[in-house]
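Asker: Sequence below, structure please.
(one chain, ligands or ions: 1)
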Amino acid sequence: MVEEGEVYDIEEAVTKALKNTKPIAIMEDLITGLRLAGDKFKKGEYFVVDMMQAAETFKEGMKIIKPKLGDTKKEYVGKLVIGTVKGDIHDIGKNLVVIMFEGAGFEVIDLGIDVHKDKFIDSVKKYEPDIIGLSALLTTTMLEMEGIIEALKANNLRERVKIMIGGAPASARFAQSIGADSYAPNATEAVNTALKLLGK
Ligand code: B1M
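Answerer: Okay, the predicted model is just below:
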């Protein structure tokens with residue numbers, strides 16, 4: 001349904017599915033739908049408007065699932081500042097990361113999309129997070145991540161925070177090459193990695 005962008009029918013379909021399927025499994029299905037839409041875009045079978053429709057359908061589906069995922073809330077474990085880097089407006093994956101961190105007991109400050117490096121710098125001073133999370137979905141915008149790390153160093157803030165990166169074009173190798181502390185391929189792994197980074 002996400003792949004086809006059936007935004008008007010998704011609420012009913014998800015509500016029905018919740019009767020006998022775990023929310024996390026439905027979420028995985030919605031993610032698969034988005035990936036399939038992306039594949040079609042890559043092959044030239046979909047236009048941007050089709051991807052937008054798929055993204056909208058995903059978001060509508062997640063609105064119903066999100067409260068069900070929140071049932072597992074735990075004790076406070078740390079503070080995360082997260083954002084999608086400058087030039088990039090993809091936020092679906094980042095929002096999933098936020099949901100999982102909140103569910104694991106993190107306080108999350110979400111800076112949103114298209115976040116300039118100065119905003120990340122200011123957020124370290126203002127919120128004193130344990131971790132900064134950087135998300136990017138484009139091969140072009142992932143290069144912003146290095147600039148953010150350099151800016152943290154220039155402001156003598158690098159040692160104050162751990163840096164985690166993610167998003168489809170990123171990798172562990174890329175994380176290492178730019179001096180990030182870690183990379184996670186998905187939202188669940190991101191939480192596990194964060195806990196390890198904090199020694200928990
Ligand atoms: Co965009 N787009 N898009 N798009 N889009 C991709 C990324 C693309 C791969 C599609 C394709 O060609 N197959 C391609 C990038 C190519 C490249 O750079 N190599 C692309 C393109 C080209 C573009 C535009 C340039 C298209 C255009 O205008 N010509 C444009 C760019 C806009 C911009 O950012 N400046 C654009 C626009 C859009 C929409 C607005 C239509 C929409 C975004 C809506 C939104 O996010 N609000 C959109 C969408 C939906 C996609 C695809 C189809 C789906 C992305 C997604 O949400 N995936 C995508 C194709 C694809 O990824 N296969 C595509 C599902 C999501 C759950 O996965 O985001 O990977 P993901 O997040 C995962 C992990 O990566 C990880 O955990 C998440 C959950 O498990 N993760 C982290 C993410 N952040 C993390 C941070 C962490 C840790 C883990 O720590 C901090």
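Asker: how does this protein divide into domains?
Answerer: The chain breaks down by automatic domain parsing into domains covering 10-71, 78-197.
Asker: So is the longest one next to the ligand?
Answerer: I take that to be domain 78-197. Yes: using Cβ under 6 Å from any ligand atom, domain 78-197 reaches the ligand at 82, 87-94, 96-97, 133-135, 137-139, 164-169, 184, 186-187, 190. Where C-beta positions appear, they are placed from N, C-alpha and C, glycine not excepted.
Asker: Check the first one too.
Answerer: Yes: figure legend: domain 10-71 in contact with the ligand (Cβ under 6 Å from any ligand atom); contacting residues 31, 34-35, 37-38, 41-42, 48, 51-52, 55.
Asker: and which of the residues you listed is nearest to K200?
Answerer: Of all the residues of domain 10-71 next to the ligand, I31 has the smallest distance to K200: 26.5 Å, by Cβ to Cβ.
Asker: Could I get the buried residue list for the strand or helix carrying the closest one?
Answerer: Per DSSP states H and E: I31 is located in helix 23-42. Neighbour counts over helix 23-42 (16 or more other Cβ atoms under 10 Å) mark 23, 26-27, 30-31, 33-34, 37-38, 40 as buried.
Asker: residues in contact with K117?
Answerer: Counting by Cβ atoms under 8 Å, 6 or more residues apart in numbering, K117 makes contact with 86, 144, 147-148, 151.
Asker: Walking through the protein, point out its strands one by one.
Answerer: With DSSP state E, the ranges of strands along the chain come out as 78-84, 106-110, 131-135, 162-166, 182-183.
Asker: Just checking: what are the partner strands of the second one?
Answerer: Taking DSSP bridges as the criterion, strand 106-110 forms sheet pairs with strand 78-84 (parallel).
Asker: what sits up against the partner strand?
Answerer: Counting by Cβ under 8 Å, 6+ apart, 90-91, 94, 97-98, 101, 106-115, 119-120, 123-124, 127-137, 167, 194, 198, 200 sit against strand 78-84.
Asker: And the helices in this protein?
Answerer: In the chain, the helices defined using DSSP state H lie at 10-17, 23-42, 48-69, 92-103, 117-127, 144-154, 172-178, 187-197.
Asker: Residues contacting the longest one, please?
Answerer: By that I understand helix 48-69. For helix 48-69, contacts defined as Cβ under 8 Å, 6+ apart pick out 1-7, 10-11, 13-15, 18, 23-24, 26-27, 30-31, 33-34, 37-38, 40-41, 46, 92, 95-96, 99, 103.
Asker: got the angle between it and helix 10-17?
Answerer: Going by axes from the mean of the first three to the mean of the last three Cα atoms, to 10 degrees, helix 48-69 is angled at 40 degrees with respect to helix 10-17.
Asker: Flag the shaky bits of the protein, pLDDT-wise.
Answerer: 70-74 (pLDDT under 70).
Asker: Show me the residue sitting in the middle of it in space.
Answerer: The chain has K94 as the residue nearest its centroid, 1.6 Å off, counting by Cα atoms, centre = their mean.
Asker: excluding its backbone neighbours, what's nearest that residue?
Answerer: S135 (4.1 Å; Cβ to Cβ, 6 or more residues apart in numbering).
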